[in-house]
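Engineer: Sequence and predicted structure are below.
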Amino acid sequence: MHSHIKALLISLVIFGCAKPDITTHDGKGIFYQDTLGGWVIINYWADWCAPCIREIPEIAAFADNNLDKKVFAFNFDRVEGEELQKLIQKFGITYPSLITHPKTYWDLPTPKTLPATFIINQQGELVKSFLTPISKDDLESYFSEVK
């Protein structure tokens with residue numbers, strides 16, 4: 001019995017200290033496994049892209065009203081650290097911003113134009129690409145159709 005407790009404690013230490021697969025701007029990170037089984041929305045944006053900046057409040061409103069979906073930003077120019085934090089605050093991005101490139105886990109194409117928003121299903125597969133500016137209503141309409 002004592003050896004079972006010891007094995008359990010060792011397992012908890014090993015798995016409890018696992019480093020998240022996906023890095024976010026706030027340093028918290030997430031595990032890819034935790035994204036499976038739910039919907040994921042990834043929005044590519046840049047500070048020089050006026051339509052991107054205009055859609056950020058729309059995406060934030062959608063994220064606030066759809067807590068069952070994981071919504072992420074990804075800076076197209078791969079800005080990180082303090083510079084990214086300043087842009088996030090400036091433009092009001094209230095949902096997590098990925099540092100890990102989305103193609104690493106979701107095999108997304110690099111968009112040729114911005115803004116670009118990708119929807120990934122519960123199995124981790126890309127099912128919808130919006131390659132134009134979107135609104136909260138566009139996202140809600142899409143999800144009402146796939147129910």
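Structural biologist: All right, it came through fine. Numbering: from 1, shown residues only.
Engineer: where do the strands sit along this structure?
Structural biologist: With strands called from DSSP state E, the chain shows them at 40-45, 70-75, 97-98, 116-120, 126-130.
Engineer: lowest confidence element among the helices and strands of this structure?
Structural biologist: One helix or strand of the chain scores below all others by mean pLDDT, DSSP states H and E: helix 2-16, with a mean of 50.
Engineer: Including mean pLDDT, mean neighbour count and distance to L87, could the strands of the chain go into CSV?
Structural biologist: C-beta coordinates here come from the backbone N, C-alpha and C atoms, glycine included. Output for the strands of the chain, formatted as CSV (pLDDT from 0 to 100; neighbours: other Cβ atoms under 10 Å; distance: least, Cβ to Cβ, whole Å):
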stretch, mean pLDDT, mean neighbour count, distance to L87
strand 40-45, 98, 24, 9
strand 70-75, 98, 22, 7
strand 97-98, 97, 21, 9
strand 116-120, 98, 23, 17
strand 126-130, 97, 15, 21
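Engineer: Now do stretch 139-146: everything it contacts.
Structural biologist: Residues outside stretch 139-146 that contact it (Cβ atoms under 8 Å, 6 or more residues apart in numbering) are W39, I41, E58, I59, F62, N66, K69, T117, I119, V127, K128.
Engineer: ok, now how distant is the fifth one from I88?
Structural biologist: Right, F62. 17 Å (Cβ to Cβ, to the nearest Å).
Engineer: Those two - which one has more neighbours?
Structural biologist: Of the pair F62 and I88, F62 is the one with more neighbours under other Cβ atoms under 10 Å, namely 23 against 20.
Engineer: Poorly predicted segments of the chain, please.
Structural biologist: Applying pLDDT under 70 to the chain flags residues 1-17.
Engineer: what residue lies at the spatial centre of it?
Structural biologist: F72 (2.6 Å; Cα atoms, centre = their mean).
Engineer: who's in contact with it?
Structural biologist: So F72 contacts T24, V40, I41, I42, N43, Y95, P96, S97, L98, P102 (Cβ under 8 Å, 6+ apart).
Engineer: The nearest residue to K19 once chain neighbours are set aside: how many residues sit nearby?
Structural biologist: Take K19 and drop its neighbours on the chain: the residue closest to it by Cβ to Cβ, 6 or more residues apart in numbering is G29, 7.4 Å away. Using other Cβ under 10 Å, G29 has 15 neighbouring residues.
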